[in-house]
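Asks: Need coordinates for the below:
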Amino acid sequence: MSSGKPWVVFVLGGPGAGKGTQCHLICKEFGFTHLSAGDLLRAERNTEGSQFGELIETHIRNGTIVPVEITCKLLESAMQKSSSAQHNGGAGDEPSDGRVGKFLIDGFPRNQNNLDGWQTEMTHKVDLKFVLFFDCPRDVCVQRCLKRGEAGSGRSDDNAESLNKRINTYLTDTLPIIEYYGHSSLVRKVNANLPPDQVFENVRQIFDALK
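Replies: I've put the predicted structure just below:
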């Protein structure tokens, strides 16, 4: 029987692992709403008059992690807005089982502070289904991000210096979070060093099994 809480799937992997591409495909096929922690932070940074803008930009540029209180606040606000839109018929009908949305949270939690903050602020408000982990070699991630930057991604961190910082942060801070959830059998690992359509075939099997 449904708890009535929104479903959440955390999506983690190194910079350039293809999380955004796969999240788009998952949303299209399985009716999830994609919330990128990074995109929400960048949008907040660009919001005129934001009290957090300068702080967020400093963290993004340095490849470090924004304080969890800010990220949780932005994620919860985005979930509430999406659920409200669904309830009002703006983004599809509300699920018949009473749930208030299904969310992919991309790029979060990225460190122990993120995890602690989430468990304090949010864990009782959602139904965490699993962690979708896109596993991709470091050199492939770097090549993908540099290529994305050359193509005009508009991201201030798609450069070699920021990338090395971001990947080191990921290896030091985020991999332990994936290992933590692995102890609870909540990690679904996908080989991301494949063409996107092949990656999605593996992702589809995971979501087909979701009840």
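
Asks: So in this structure, which strand runs the longest?
Replies: Counting by DSSP state E, the longest strand found in the chain is strand 127-135.

Asks: who's in contact with that strand?
Replies: If you take CB atoms under 8 Å, 6 or more residues apart in numbering as the criterion, strand 127-135 is touched by 3, 5-14, 17-19, 22, 104, 178, 181, 186-193, 199, 203, 206, 210. C-beta coordinates here come from the backbone N, C-alpha and C atoms, glycine included.

Asks: Sort out which of those are in strands and list them.
Replies: Per DSSP E, those map to strands at 7-13, 104, 187-191.

Asks: And those, which of them are buried?
Replies: Neighbour-count burial (16 or more other CB atoms under 10 Å) applied to the ones in strands among the contacts of strand 127-135 gives Trp7, Val8, Val9, Phe10, Val11, Leu12, Gly13, Leu104, Val187, Arg188, Val190.

Asks: Report the separation between the second one and Glu29.
Replies: Okay, so that is Val8. Here the criterion is CB to CB, to the nearest Å. By it, Val8 lies 18 Å from Glu29.

Asks: And the longest helix belonging to the chain, what does it pack against?
Replies: For the chain, the helix with the greatest residue count under DSSP state H is helix 68-87. Contacts defined by 3 or more CB pairs under 8 Å, 6 or more residues apart in numbering; DSSP states H and E place helix 68-87 against strand 33-36, helix 37-45, strand 102-106, helix 112-121.

Asks: and those as JSON lines, adding mean pLDDT and distance to Phe133?
Replies: JSON lines is the format used below for the helices and strands packed on helix 68-87 (pLDDT from 0 to 100; distance: least, CB to CB, whole Å):
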{"stretch": "strand 33-36", "mean pLDDT": "94", "distance to Phe133": "16"}
{"stretch": "helix 37-45", "mean pLDDT": "91", "distance to Phe133": "15"}
{"stretch": "strand 102-106", "mean pLDDT": "95", "distance to Phe133": "12"}
{"stretch": "helix 112-121", "mean pLDDT": "94", "distance to Phe133": "15"}
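
Asks: Out of those, which one sits most buried?
Replies: Using mean count of other CB atoms under 10 Å, the stretch among those with the largest mean neighbour count is strand 102-106, at a mean of 23.

Asks: Not counting that strand itself, show me its contacts.
Replies: Residues contacting strand 102-106 (CB under 8 Å, 6+ apart): 6-11, 19-20, 23, 26-27, 30-39, 75, 79, 82, 95, 126, 132.

Asks: roughly how far out does that strand sit from the chain middle?
Replies: Relative to its parent chain, strand 102-106 has a centroid offset of 6 Å by CA atoms, centre = their mean, to the nearest Å.

Asks: Can you tell me the SS state at the closest residue to Arg61 other than its chain neighbours?
Replies: Distances taken as CB to CB, 6 or more residues apart in numbering put Ser156 closest to Arg61, at 6.0 Å, once the chain neighbours are dropped. Following DSSP: H, G, I helix; E, B strand; the rest coil, Ser156 is assigned to coil.
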